[in-house]
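**Student:** got a structure for you, letters missing:
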């Protein structure tokens, strides 16, 4: 498969000790706080552990989220919120705005921020796996599934939990609708890339491949348009990627549409379709160079080194030459001045997010445990709140270098 996907950095967060001396008045209450501290630290470790797999991530995330729910959910099923929701301050950076953190004293903010990072992890896992030269069918399925899971998490956060935040989301921040929507659409588009690769490998009907490529190109265009009103300082590199992929899959669509036209003895139209494919591929080549030269957060990569780029260039060239030969020997058809209109609709292979729900409340949370938190007593050690000047250190990711990139071109 050897795909290449742009990835923004993971969100970073300030440490949280969950030490509530004097407030947590029983061993059971102290234990649940200790479990929260350990499970949070473990989850953060896994985000940058290259040996972590989806099962490990799910287990660690489920444990932490089930414990964190004790700060959010009311145990008596009433509409009243849990008294512990605002006990702790949480500080998180954003994927685009570097080390400029946001802080909210709200457990829901922690839930959605950590959930966001879990979704990002699934996209990064998919990206690492998809970039392998010798990817197996099962691994390709893992890539496809991971991207759909990520889309489902983003969608669930947007629809069910971000609206519950007391403090409105700042413009340009990760939890804002424009960014969440772009992440969802990008996940769907990238999952469809896996579908297209599979369809090509199994030599499916060119009409189906063209339709899937066209739908995927439209996804990338939609994701880019969603980001169009953001500051290009932060979103410029990401948008170059989305534009690049849009042109790339438009080139794919016109290439395979040309094959469909040739099979229907419409050789002149096929040549024009392939010529349009060449144009979009040239645009993708230019955007690839621009992507490499654009400063901003994101993966350092050289798309020209990826097989799926090189193969398309050869495919377009060979298919166009074949059409021109056939037209010169058999059809003698005039090549239209206008490119054919793509009105393609894929009936198979379109990707929808996998529905996601946070896990149920951990069994360690009981009415007695919640009652054991006495909020009238301030913590003796006021480490529950990060200091105002406390630095939030970025997570160390091997594929992320925010300000250094090499140029590239499609060969």
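**Tutor:** Looks like it arrived, so ask away. Everything numeric here is computed off the predicted structure, so don't read it as measured data.

**Student:** from now on I want contacts and neighbour counts done on CA atoms only, so please keep to that.
**Tutor:** Noted.

**Student:** where exactly do the helices run in this protein?
**Tutor:** Assigned helices in the chain, in chain order: 27-47, 54-68, 107-130, 137-156, 177-201, 206-227, 232-263, 267-293, 307-326, 367-371 (criterion: DSSP state H).

**Student:** TSV for those helices, including mean neighbour count and distance to residue 98?
**Tutor:** Formatted as TSV, the helices of the chain follow (neighbours: other C-alpha atoms under 10 Å; distance: least, C-alpha to C-alpha, whole Å):
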stretch	mean neighbour count	distance to residue 98
helix 27-47	18	17
helix 54-68	18	24
helix 107-130	23	14
helix 137-156	22	20
helix 177-201	22	15
helix 206-227	23	17
helix 232-263	24	9
helix 267-293	23	19
helix 307-326	17	30
helix 367-371	15	36
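
**Student:** out of those, flag the one nearest residue 166.
**Tutor:** Closest of those to residue 166 is helix 107-130, at 9.0 Å (criterion: C-alpha to C-alpha).

**Student:** avg pLDDT for that closest one?
**Tutor:** Averaging pLDDT along helix 107-130 gives 96.

**Student:** and the closest residue to residue 13 other than its chain neighbours, how far from residue 155?
**Tutor:** Take residue 13 and drop its neighbours on the chain: the residue closest to it by C-alpha to C-alpha, 6 or more residues apart in numbering is residue 92, 4.4 Å away. Separation of residue 92 from residue 155 (C-alpha to C-alpha, to the nearest Å) stands at 20 Å.

**Student:** rank the helices of the chain by pLDDT, which is bottom?
**Tutor:** Among these, helix 307-326 scores lowest, at a mean of 79.

**Student:** how much does it deviate in direction from helix 267-293?
**Tutor:** Angle of helix 307-326 versus helix 267-293, following axes from the mean of the first three to the mean of the last three C-alpha atoms, to 10 degrees, is 160 degrees.

**Student:** change the start of the numbering to 222 and stick with it
**Tutor:** Taking 222 as the first residue, the last one we looked at is helix 528-547.

**Student:** show me what helix 528-547 is packed against.
**Tutor:** Counting contacts by 3 or more C-alpha pairs under 8 Å, 6 or more residues apart in numbering; DSSP states H and E, helix 528-547 packs against helix 453-484, helix 488-514.

**Student:** quick one: closest of these to residue 394.
**Tutor:** Comparing the helices and strands packed on helix 528-547 by C-alpha to C-alpha, helix 453-484 comes nearest, at 10.3 Å.

**Student:** run through the neighbouring helices and strands of the closest one.
**Tutor:** helix 427-448, helix 488-514, helix 528-547.

**Student:** how about those helices, which one is nearest residue 269?
**Tutor:** helix 488-514 (24.2 Å).

**Student:** quick check, distance from that closest one to the centre of its chain.
**Tutor:** Remark: helix 488-514 is offset 26 Å from the chain centroid, using C-alpha atoms, centre = their mean, to the nearest Å.

**Student:** now do that helix against helix 453-484, angle only.
**Tutor:** Following the same axes, to 10 degrees, one obtains 160 degrees for the angle between helix 488-514 and helix 453-484.

**Student:** now distance to residue 318 too, for the helices and strands packed on helix 453-484, in a markdown table please.
**Tutor:** Below are the helices and strands packed on helix 453-484 laid out as a markdown table (distance: least, C-alpha to C-alpha, whole Å):
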| stretch | distance to residue 318 |
| --- | --- |
| helix 427-448 | 14 |
| helix 488-514 | 18 |
| helix 528-547 | 30 |
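
**Student:** make a markdown table out of the helices of the chain and add distance to residue 390.
**Tutor:** A markdown table is the format used below for the helices of the chain (distance: least, C-alpha to C-alpha, whole Å):
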| stretch | distance to residue 390 |
| --- | --- |
| helix 248-268 | 23 |
| helix 275-289 | 21 |
| helix 328-351 | 10 |
| helix 358-377 | 15 |
| helix 398-422 | 9 |
| helix 427-448 | 16 |
| helix 453-484 | 17 |
| helix 488-514 | 29 |
| helix 528-547 | 38 |
| helix 588-592 | 29 |
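
**Student:** for residue 576, which of those helices is the nearest?
**Tutor:** helix 358-377 (5.1 Å).

**Student:** show me what that closest one is packed up against.
**Tutor:** Where contact means 3+ C-alpha pairs under 8 Å, 6+ apart, helix 358-377 is packed against helix 328-351, helix 398-422.

**Student:** which outside residues touch that helix?
**Tutor:** If you take C-alpha atoms under 8 Å, 6 or more residues apart in numbering as the criterion, helix 358-377 is touched by 222, 275, 336-337, 339-341, 343-344, 346-348, 350-351, 401-402, 404-406, 408-409, 411-413, 415-416, 572-578.

**Student:** can we see that at 6 Å?
**Tutor:** By C-alpha atoms under 6 Å, 6 or more residues apart in numbering, the residues outside helix 358-377 that reach it are 340, 343-344, 347, 405, 408, 412, 574-577.

**Student:** for residue 295, state which of these is nearest.
**Tutor:** residue 577 (21.0 Å).

**Student:** sorry, back to before: and the helices of the chain: which comes nearest residue 321?
**Tutor:** Closest of the helices of the chain to residue 321 is helix 453-484, at 12.1 Å (criterion: C-alpha to C-alpha).

**Student:** how far out from the middle of the chain is the closest one?
**Tutor:** Relative to the centre of its chain, helix 453-484 is centred 18 Å away, using C-alpha atoms, centre = their mean.

**Student:** same deal with stretch 410-427?
**Tutor:** Centroid separation for stretch 410-427 versus its chain: 20 Å, with C-alpha atoms, centre = their mean.

**Student:** need phi/psi at residue 310.
**Tutor:** Here is the backbone geometry of residue 310 (degrees, to the nearest 10): phi -90, psi 140.
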